[in-house]
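[1] Return a 3D structure for these sequence lines:
(chains A, B and C)
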Amino acid sequence: MTVKTITMPQLGESVTEGTISQWLVQVGDVIEKYQPLVEVMTDKVNAEVPASFSGKITKLLVEEETTIDVGTPLCEIEVESMEPTVSNQPEMEHNHEEISSTKELNTMKNRYSPAVLKLASEHQIDLDSVQGTGMGGRITRKDINKHINQTKQEQKQKHVTETPTLNTSTIEKSTSLLADKEIPVTGMRKAIATNMVKSTSEIPHAWMMIEVDVTNLVRYRNEEKDHFKQSEGYNLSYFAFFLNAVAKALKKFPELNSSWANDKIIQHKDINLSIAVGNESELFVPVIKNVDEKSIKGIAKEIHVLAQKAKSGTLTHQDMEGGTFTVNNTGTFGSVQSMGVINYPQAAILQVESIVKRPVIIDDMFAARDMVNLCLSLDHRILDGVICGQFMSHVKAILENISGNTTPIY
Amino acid sequence: MTKHTELGLSEEEVLDMYRIMLTARRVDERMWLLNRAGKIPFVVSCQGQEVQQVAASFALNREKDYTAPYYRDVGVVLALGMSIKELMLQAFAKAEDPNSGGRQMPGHFGSRKLRMLTGSSPVTTQVPHAVGVGLACQMNNDDAIAFVTLGEGSSNQGDFHEGANFAAVHKLPVIIMVENNQYAISVALNEQVACEKISDRAIGYGMHGETVDGNDPFAVYRSVKQAADRAREGSGPTLIEAVSYRLTPHSSDDDDRTYRSEEEVKQAKEKDGLISFREYLIAHNILTEENEKEMEQTIKSLIDEATDYADAAPYASPDTLFDGVYQ
Amino acid sequence: MPVVSYIEAIKTAMEEEMERDERVFVLGEDVGKRGGVFRATEGLYERFGAKRVIDTPLAESAIAGVGIGAAMYGMIPIAEMQFADFILPAVNQIISEAAKIRYRSNNDWTCPITIRAPYGGGVHGALYHSQSIEAIFANQPGLKIVMPSSPRDAKGLLKAAIRDPDPVLYFEHKKAYRLLKEEIDNNEEVIEIGKANLIQEGTDITVITYGLCVHYAKEAAKELAEEQGIEVNLLDLRTIYPLDQEAIINAVNKTGKVLLITEDNKEGSIISEVSAIIGEHCLFELDAPIKRLAGPNVPAMPYAPTLEKAFMVNQDKIKQAMLELALF
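    Next up is the predicted model:
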């Protein structure tokens, strides 16, 4: 004697369940193979489920009006003798060839995907030093990213726990001759060095320069500067006008007012301009906040205050926080062209060069014009040439059209 | 003269016809049970059409003619020589299924040995195929003809028109038999066609057309026989409409109570050609109580045996998945 | 050796095969008395008679379907679609039937039919006499598709198609019919279906294409070699379904830079699949992004000469694309 189970059949191509409407047999009934057992209702059909075996009903497992899934046991039948048992899903005999999973070790070690090569070149990674976890020892993009993060993590830890030091392990030590003066790298110098290394090693820099005719600006500023100095007590610097123009342009192209955060790019709402100011030995990068909301006078005042603080060494931490874009007044030193290093993790830095009087051809005639070069360094991960070109053109347009009407001092 | 002797059919032949019709019915009934028991996923039925299917097949030269049966033609394929076991192997989708090796759903017949063209699910594509066979027969001076069946709904397809027209233009030895069972799934005849009879379409193709009672084996036999004779003597194709009724839902996935009354089905069951043919055979003492019982028992045991065999038979190995894509 | 045009090569192939095997016959619209609207079956009706060169009613599904039926019987039909553009009513017969007959009958039935169809533009054929429709059929296992690029290939591939035990679609470029001529040896063998043909070797860039574009590419490559010394590795797919993966991979790996060309609309075209094969197999050999030159994604080729020219891939466009890739 064996007990067999009848299960809920799949009644219809897409049917997954059915409702028991009525049992046609009772426990104890002796039934014939193919005799109807139960009425089932599904979405597609109503049907009588027949017995697959002859025998005696020993259990009804589902009550009427119950909805059950296809394959759920319906009832049990005690069968007289074992029917010839057949395996449920026999298949024709066939040979499964085992797929050999043993691959030669490290056969793929030196096959670099374009993604891996790109990362390696961006981060100056020696691929021989990276452990590949892919098939055949191949270095995967994840392997490279892990390597980069590890390096970053190590740097960060050092940064936090000690005074920042350059990773000397990978840099050959310079030896000094007797007559040379050795200056210990400490404090601010060290921090600057670390930041510069980080910036240049991590950020793929790209450069762009435009030439701006600031004759109008020079004329305007010359008209106003004496009166301004008299009434305000500090200089009406050109730099204030440049910051004003940059802030306006950033408002229009917020892509440049952003920073890199590995898996995302953060676009900042506030326009806080870092400006580089220095004393004899040190460089500070204090921040003028919300430049877009300030007048020329307001900007000039802040430049003045921050410069004074730098000179006296009284800049606070707060003064240097929150910058979203840097404008560097390289023109102060007479520079006419420079390639700035991006103030990490910002997206770009703009160098304002010297204003120089030069002959320029206007309407086929030579004219003496006040010209200035603006040099932009950009993080090519965040920005592309097109957007930066548009930004620079916009800055240029603002500067070239400066007058009392477009840019009031107050 | 009796109806069968008039047509030149012997007692053995008519009894054989009945036996095959009954076999088709019993096989079909078993298929439904197997489906409802969860053993086979799908059934598409012949019930109500066995008489015309078998009678038409007997009017062919089953030794050399070609057929392109449609999915309800259990009667046709049994008459042509497919076994119950082979039908069960098809129903269970087993490797030994001669129709497709378990690749196609039930009702997709085909056997090169039986000159039965392999069929598909998009309806009426088989009409141009049968016409192509007719063309080949004509080109090769082959005495064979092509017999193709389809449902009345399918006669609306472009391939029906294109095939029929081609056959008529080239006077090809083709018989197109529309098995009008009144329903194309749920859509009744009057919503499928506006003409009175499907055979009315024949005149448009310039071929002979006629409508016969599909429940009357003698009418169907006569009509197909005459069509075959015309085809063989070069008089071209014939369109025959055999009218009966689909006694089951369209398939095991259909519930016909959603579109037709039980009363209508009940009335049609009373006109079932299997009943009237049985009465005819009893009246002519061809079928007796004794040989009928024996016939039923033999059929049942063959079906039981075929069911067990097919249930236990192996499926095709996954290794064979790519076999027969190309030579 | 006689100089033979592309269309003469097609006619000769049919003629020789009909002579070789009595089971071979032609059916289609206007193929009989008229000898085909392009004259591809010229003289066959006179030579083999109306029974073997059959003018059919104007009904493409029947041309395909009747051919399929005859093929199942044991005949070897060559069905002609007057224009590839008009094959669409027969798609059910080709895809649901011809392609699946062997498979669905588990190798019991076969369907050795050849379906010829003139495709392609640049002949003022407008939207419905210019299309390349091969991509519709190029994901249907069971079918084979060949597209000859020269008279020699036209003959050798058609003979192979006719002798093939499975259904073959044979797309012939109607602009090539009388444009391309070359010497063909009368004893020239059939060309194996499923194998691509390396037309010329080169080390600078690889160009993969088929059909008439091979001709344009050859001419463009010649100019570039003379003018700039750029050496092109040119692969003619010949059979566009199933594709010769090995030949594609080898050709790409040779230079690492690949230009894929089709006259068809770019999206989902044959070269899209070629591109996927390259993506799967050639990552480490690529020296430039895969470059594709194709028809624009507009429904079909317009009639007006300016628009037709803008749509059509031609020698100049190919040369430009080749140069860009070489300079990358």
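[2] In terms of secondary structure, what does the helix or strand hosting C:Asn233 contact?
    Assessed by DSSP states H and E, C:Asn233 sits inside strand C:232-236. Contacts defined by 3 or more C-beta pairs under 8 Å, 6 or more residues apart in numbering or on different chains; DSSP states H and E place strand C:232-236 against strand C:197-200, strand C:205-209, helix C:212-228, helix C:245-255. To be clear about C-beta, it is placed using only N, CA and C from the backbone, and glycine gets the same treatment.
[3] any idea how far the last one is from the chain center?
    Yep, that's helix C:245-255 we're talking about. Offset of helix C:245-255 from its chain centre (C-alpha atoms, centre = their mean, to the nearest Å): 20 Å.
[4] Adjacent strands (with direction) for the helix or strand following it?
    Following helix C:245-255 in sequence order, the next helix or strand is strand C:258-265 (DSSP H and E). Each strand that pairs with strand C:258-265, with its direction, by DSSP bridges: strand C:205-209 (parallel), strand C:291-295 (parallel).
[5] The helix or strand following strand C:258-265 near chain A anywhere?
    Sequence-wise, the next helix or strand downstream of strand C:258-265 (DSSP H and E) is helix C:270-281. No: applying C-beta under 8 Å from any C-beta of the partner chain, one finds helix C:270-281 separated from chain A by no less than 11.8 Å.
[6] And for helix C:270-281, what's in contact with it?
    Under the contact criterion C-beta atoms under 8 Å, 6 or more residues apart in numbering or on different chains, helix C:270-281 has outside partners C:134-135, C:138-139, C:208-210, C:237, C:240-241, C:243, C:245, C:248-249, C:252, C:258, C:260-262, C:264, C:266, C:286, C:290, C:292, C:294.
[7] mind redoing it with 7 Å?
    C:134-135, C:138, C:208, C:240, C:243, C:245, C:248-249, C:252, C:258, C:260-262, C:264, C:290, C:292, C:294 (C-beta atoms under 7 Å, 6 or more residues apart in numbering or on different chains).
[8] and that helix, what's its mean pLDDT?
    Averaged across helix C:270-281, pLDDT comes to 97.
[9] just the CA coordinates of the host helix or strand of C:Tyr103, formatted as PDB?
    With the criterion set as DSSP H and E, the secondary-structure element containing C:Tyr103 is helix C:101-104. Once side chains and other backbone atoms are set aside, the C-alpha atoms of helix C:101-104 remain, and they are given as PDB (Å, rounded to 0.1, in the frame of the first residue of the first chain):
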ATOM      1  CA  ILE C 101      10.200  23.800 -41.000                       C
ATOM      2  CA  ARG C 102      13.300  21.700 -40.300                       C
ATOM      3  CA  TYR C 103      13.400  22.700 -36.600                       C
ATOM      4  CA  ARG C 104       9.700  22.200 -35.800                       C
END
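[10] residues in contact with that helix?
    Contact partners of helix C:101-104, identified using C-beta under 7 Å, 6+ apart, comprise B:100, B:103-104, B:118, B:120, B:324-325, C:72, C:109-111, C:142, C:166.
[11] residues from the stretch 201-327 of chain B in reach of chain C?
    B:Asp323, B:Gly324, B:Val325, B:Tyr326, B:Gln327 (C-beta under 7 Å from any C-beta of the partner chain).
[12] Helix, strand, or coil at the last one?
    To tie it back to what came earlier, the one meant is B:Gln327. Using DSSP: H, G, I helix; E, B strand; the rest coil, the secondary structure recorded for B:Gln327 is coil.
[13] Could you look up the SS state of residue 230?
    You didn't say which chain, so I picked chain A. Remark: A:Gln230 carries the secondary structure label helix [criterion: three-state DSSP].
[14] meant chain C actually
    Remark: C:Ile230 carries the secondary structure label coil [criterion: three-state DSSP].
[15] With adjacent residues omitted, what lies nearest to the residue in the stretch 51-200 of chain B positioned nearest to chain A?
    Using C-beta to the nearest C-beta, the single residue of the stretch 51-200 of chain B nearest to chain A is B:Ala95, 4.9 Å away. The shortest distance from B:Ala95 to any residue other than its chain neighbours is 4.1 Å, reached at B:Ala316 (C-beta to C-beta, 6 or more residues apart in numbering or on different chains).
[16] and that neighbour, backbone torsions?
    Comment: the main-chain dihedrals of B:Ala316 come out as phi -70, psi 140, following degrees, to the nearest 10.
[17] What of A:Gln308?
    When quoted as degrees, to the nearest 10, the phi and psi of A:Gln308 stand at phi -60, psi -50.
[18] ok, now A:Leu127?
    Main-chain torsions, A:Leu127, degrees, to the nearest 10: phi -60, psi -20.
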